[in-house]
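1. Sharing a model prediction with you, sequence too.
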2 protein chains.
Amino acid sequence: MRQSTLFTKTRREAPKDEVAKNAQLLIRAGYIHKEMAGVYDFLPLGLRTLNKIIGVIREEMNAIGGQEILMSSLQRKELWETTDRWDDSKIDNWFKVDLKHDSEPDGSRSKEVGLAFTHEEPITNMMEQFIPSYKDLPKYVYQFQTKFRNEKRAKSGIMRTREFIMKDMYSFSRDEEQFREFYEQCAKAYQKIFSRVGLGDKTFRTFASGGVFSKFSDEFQTVCDAGEDTIYIDRKKNIAVNKEVCTDEVLADLGLSRKDLEEAKAIEVGNIFPLSTRFSKTLLNRFKDEAGSEANPYMGSYGIGPARLMGTIVEVLSDDKGIVWPREVAPFPVHLVSIAHGNKDIEAEADHLYDSLKENGIEALYDDRDVRAGEKFADADLIGIPTHIVISEKTVAGGAFEVVDRATGTASMIPESSIIQHLKK
Amino acid sequence: MRQSTLFTKTRREAPKDEVAKNAQLLIRAGYIHKEMAGVYDFLPLGLRTLNKIIGVIREEMNAIGGQEILMSSLQRKELWETTDRWDDSKIDNWFKVDLKHDSEPDGSRSKEVGLAFTHEEPITNMMEQFIPSYKDLPKYVYQFQTKFRNEKRAKSGIMRTREFIMKDMYSFSRDEEQFREFYEQCAKAYQKIFSRVGLGDKTFRTFASGGVFSKFSDEFQTVCDAGEDTIYIDRKKNIAVNKEVCTDEVLADLGLSRKDLEEAKAIEVGNIFPLSTRFSKTLLNRFKDEAGSEANPYMGSYGIGPARLMGTIVEVLSDDKGIVWPREVAPFPVHLVSIAHGNKDIEAEADHLYDSLKENGIEALYDDRDVRAGEKFADADLIGIPTHIVISEKTVAGGAFEVVDRATGTASMIPESSIIQHLKK
């Protein structure tokens, strides 16, 4: 994409009311726009990055047999009353609205509906018709869907918002053994995802509270001072325990010793929950088992917020010049910076390379703007695309391009003839 | 995808409370699930189809210079009060919710927010910072974003719902001339979209009311008895007029004669609106023109609902056996139907073809289920993938595959060696 056509512009200062580092940098670089506290819009570069992250998650969910669907936000009150999660005293972040006209023919349904903050209820209800028999199990369904949460705190930029896309997966299995097998598969898929988006070495599978569903669950926590959680890490064993459940009994169960643990602030970037038959029993999701008796599927739920992940990457990997994206999630893998100063030959060389990148399937943001070199370099560092290619009179005279690694600042001259090969590595 | 793993199943009957043909067929074939009146979930086949339609629209919007963004649903009341579109007496299908806690530091903002039914206000407001000068114009931004509309009527299946993804584009131009040029480009792009999704010959650019924004606008209306609108078509001139504005004066203006017009029911599948400076003036979106004076950009808005388009395709193209998808929007271009009756050789042949399709980048739904041939054929007709490939003892003995066109029922035997080439045509 030619940067001269991109409608966003970088800015020197973030809005004064923006306290989170991730949102400050993302606003300055033109990735997002703040609509109100806890509500952000995604601009072209931001949406591209978000979609790259979604793409990584989708690939890994498909690889373990997930089938993608898209549920509605508007939700019937009745389902949530059945599981006792409708009342505001139970769930304190509901958004609820009234339907102006209820066109159900039987006229019996409530006019009040909710904006789903999660989807266990409607998915458990819907899946009942599709799993009549144990032969239909296991099944795994997931979605990238907008959740609404009436959050009291909204100070963490795009990491905790009132409206956000969530990847939520739900598993249905015939028994606990079949459930556990998938649960562990999904844990591995999550670790792959966090590695691919550049957070692998800072993200720990973390033993945590199961909430109202089960005794324990697993979180994936990324070490970062901006995090809201405190975890204790055993680096040798490569696991962690959330402070909330870090009792002597739990440590003994897990075979951990307090002296090996390191305390750290962390951001919860994912979680996986055993749900047992809590929802399937209450919502009457039943299948016929091998003996012909009715049974309720064992369920699990598995969440990742792509925007929270995007915010976490910014918090963890940025430096004093701006954002540093890992290649897999960058809005473009390559930022082509042309320093032509009006020299038509240099412009033609840059155009030529841009076309050649396109032909070779390498997406590039092409800074063809008529602005000072210093401004271009500063913008490129702020935007944070991992590889910069600089074209100038100097590089053209040398028959090479200057390739700069955003993360390290390392520059190397790559001959024109081998630039494509170099970038495809 | 192997059909044996797909979690949805077809059903003989649609739910009794479902009156719209599009929803009846889509539910029976396993594309969608009804959450409540006017609210549907997209199941794997349905989401694939919806995404194919979205892909076609995205390509055509990018081709005319559109830049994709994603705005929020939650919207500040203040912006909509500015343009006098907040009050329920002005806009009768708002969903409004209260924020539980308003964390704005200045504490001055209202706690009531809206769920956007469209995005002129927030986009006009946001764009102000990005277009300081006439040099920054024109700009076109668009999104695929979930709209919420508190509809009184919700009886048209997925064609009129309370929650739906809409492609909405907004153009910002320096003057009326620059605006008009893009408006006509967009009209052409819309016609391309409707052709690509199989509705080209039934869809007419239709002169319509401009509502409160301008005197006139253009709708794209697809002729269909299930439509809510009435239009008058001049087939020779390939344009139409909405009944609402079909006065003698309008006909004279357009050079149309009442005797050449044919009345038809139609579905509005798209619309494009001149907005003039109505929003940019009110919301103080200003740029510096060439003379250095402040001016307001000329705007237009351009909508298409991908799910409404999907419903329209079903209404228009289905037959008594089920759905008939055009190739560009089908969930898969090919449905591979294996009639093995337990014969391992046939199964192996079918597996082999399925792998070979994958290797050649041809997506296929592969009916590898252990069910009767009649059930497989009926399901394939109901699901409506445009090309069926049948493998059976008979076809294998003949060294060929039977290729059936879903729309016409025409069958032809294609030799094994040329099947890939045949499908790539």
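-> Done, it's in.

2. quick one: contacts for the most centrally placed residue in chain A?
-> For chain A, residue A:306 is the residue whose C-alpha lies nearest the centre (C-alpha atoms, centre = their mean; 1.7 Å). Residue A:306 makes contact with A:50, A:53, A:54, A:57, A:144, A:165, A:166, A:167, according to C-beta atoms under 8 Å, 6 or more residues apart in numbering or on different chains. To be clear about C-beta, it is placed using only N, CA and C from the backbone, and glycine gets the same treatment.

3. low-confidence ranges in chain A?
-> A:101-110, A:212-213 (pLDDT under 70).

4. can you do 80?
-> A:101-110, A:153-154, A:211-215 (pLDDT under 80).

5. ok, which stretches of chain A are helices?
-> A:21-28, A:44-63, A:77-82, A:120-127, A:176-196, A:248-254, A:278-282, A:306-317, A:344-359, A:373-383, A:393-397, A:419-424 (DSSP state H).

6. Switch the ones you listed over to TSV; also include distance to residue B:245.
-> Shown next, in TSV, are the helices of chain A (distance: least, C-beta to C-beta, whole Å):
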stretch	distance to residue B:245
helix A:21-28	44
helix A:44-63	37
helix A:77-82	42
helix A:120-127	42
helix A:176-196	53
helix A:248-254	71
helix A:278-282	52
helix A:306-317	44
helix A:344-359	45
helix A:373-383	48
helix A:393-397	60
helix A:419-424	55
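
7. what's the most buried one of those?
-> The highest mean neighbour count among the helices of chain A, using mean count of other C-beta atoms under 10 Å in any protein chain shown, belongs to helix A:306-317: a mean of 25.

8. can you tell me which residues contact residue A:42?
-> Counting by C-beta under 8 Å, 6+ apart, residue A:42 has contacts A:31, A:32, A:50, B:69, B:70.

9. of all those, which comes closest to residue B:250?
-> residue B:69 (35.8 Å; C-beta to C-beta).

10. So that closest one sits against residue A:44, correct?
-> Yes. Under the criterion of C-beta atoms under 8 Å, residue B:69 makes contact with residue A:44 at 6.1 Å.

11. Between the two ends of stretch A:317-336, what distance do you get?
-> Separation of the first and last residues of stretch A:317-336 by C-alpha to C-alpha, to the nearest Å is 22 Å.

12. Any buried residues in that stretch, and which?
-> Buried residues in stretch A:317-336, counted by 16 or more other C-beta atoms under 10 Å in any protein chain shown: A:317-318, A:322-326, A:328-336.

13. how far does that stretch sit from the chain's center?
-> Centroid separation for stretch A:317-336 versus its chain: 16 Å, with C-alpha atoms, centre = their mean, to the nearest Å.

14. Next, the residue of the stretch 151-300 of chain A found nearest chain B: phi, psi?
-> Nearest residue of the stretch 151-300 of chain A to chain B (C-beta to the nearest C-beta) works out as residue A:152 at 4.4 Å. Torsion angles at residue A:152 (phi, psi; degrees, to the nearest 10) stand at phi -80, psi -40.

15. how close does it sit to residue A:255?
-> Going from residue A:152 to residue A:255 by C-beta to C-beta, to the nearest Å gives 38 Å.

16. more crowded one of the two?
-> residue A:152 (13 against 9; other C-beta atoms under 10 Å in any protein chain shown).

17. wouldn't the more buried one be in contact with residue B:100 here?
-> Yes. The pair residue A:152 / residue B:100 is scored as a contact, 6.2 Å apart, by C-beta under 8 Å.

18. Now list whatever residues contact both of these two.
-> With C-beta under 8 Å, 6+ apart, residue A:152 and residue B:100 have common neighbours A:92, A:93.

19. tally of neighbours for the closest residue to residue A:410 other than its chain neighbours?
-> For residue A:410, ignoring the flanking residues on the chain, the nearest one in space by C-beta to C-beta, 6 or more residues apart in numbering or on different chains is residue A:404 at 7.1 Å. By the criterion of other C-beta under 10 Å, residue A:404 has 20 neighbours.

20. so residue A:404 bridges to which residues?
-> Beta-bridge partners recorded for residue A:404 (DSSP bridges): residue A:388, residue A:411.

21. Quick check, it in contact with residue A:395.
-> No. Contact criterion C-beta under 8 Å: residue A:404 and residue A:395 do not qualify, at 11.4 Å.

22. what about stretch A:166-185, distance to the chain center?
-> For stretch A:166-185, the distance to the chain centre is 20 Å (C-alpha atoms, centre = their mean).

23. what about it and chain B, any contact?
-> No. Between stretch A:166-185 and chain B, judged by C-beta under 8 Å from any C-beta of the partner chain, nothing touches; the nearest distance is 8.7 Å.

24. Would you mind extracting the C-alpha trace of that stretch into PDB?
-> C-alpha atoms of stretch A:166-185 as PDB (Å, rounded to 0.1, in the frame of the first residue of the first chain):
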ATOM      1  CA  MET A 166     -13.100 -12.600  21.300                       C
ATOM      2  CA  LYS A 167     -12.100 -16.000  20.000                       C
ATOM      3  CA  ASP A 168     -14.200 -18.400  22.100                       C
ATOM      4  CA  MET A 169     -14.200 -22.100  21.500                       C
ATOM      5  CA  TYR A 170     -16.500 -24.700  23.100                       C
ATOM      6  CA  SER A 171     -15.800 -28.400  23.200                       C
ATOM      7  CA  PHE A 172     -18.400 -31.200  23.600                       C
ATOM      8  CA  SER A 173     -17.100 -34.600  24.500                       C
ATOM      9  CA  ARG A 174     -18.700 -37.900  25.500                       C
ATOM     10  CA  ASP A 175     -16.800 -38.200  28.800                       C
ATOM     11  CA  GLU A 176     -14.100 -36.700  31.000                       C
ATOM     12  CA  GLU A 177     -11.400 -38.700  29.300                       C
ATOM     13  CA  GLN A 178     -12.300 -37.500  25.800                       C
ATOM     14  CA  PHE A 179     -12.600 -34.000  27.200                       C
ATOM     15  CA  ARG A 180      -9.200 -34.000  28.800                       C
ATOM     16  CA  GLU A 181      -7.500 -35.200  25.600                       C
ATOM     17  CA  PHE A 182      -8.800 -32.200  23.700                       C
ATOM     18  CA  TYR A 183      -8.200 -29.800  26.600                       C
ATOM     19  CA  GLU A 184      -4.500 -30.700  26.500                       C
ATOM     20  CA  GLN A 185      -4.400 -30.400  22.700                       C
END
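
25. In contact with the spatially closest residue to residue A:270 that is not a sequence neighbour: list those residues for me.
-> Counting by C-beta to C-beta, 6+ apart, residue A:220 is the residue found nearest to residue A:270 once chain neighbours are left out, at 3.9 Å. Each residue near residue A:220 by C-beta under 8 Å, 6+ apart is listed here: A:190, A:191, A:194, A:203, A:204, A:205, A:206, A:268, A:269, A:270, A:271.

26. hmm, which two among those are most spread apart?
-> Longest span within the contacts of residue A:220, C-beta to C-beta: A:191 and A:268, 14.8 Å.

27. From residue A:215, how far out is the residue nearest to residue A:91 when sequence neighbours are not counted?
-> Leaving aside its chain neighbours, residue A:91 sits nearest to residue A:85 (5.3 Å; criterion: C-beta to C-beta, 6+ apart). Distance, residue A:85 to residue A:215, using C-beta to C-beta: 19 Å.

28. ok, the two, which is more surrounded?
-> The residue with more neighbours, out of residue A:85 and residue A:215, is residue A:85; 19 against 10, by other C-beta under 10 Å.

29. quick one: the more buried one and residue A:93 touch, right?
-> No. Using C-beta under 8 Å, residue A:85 makes no contact with residue A:93, being 11.3 Å away.

30. distance of residue A:170 from residue A:279?
-> 9 Å.

31. joint contacts of the two?
-> A:120, A:124, A:299.

32. Mind picking the one among those residues that's closest to residue B:89?
-> Closest to residue B:89 out of those is residue A:120 (38.8 Å), distances taken as C-beta to C-beta.
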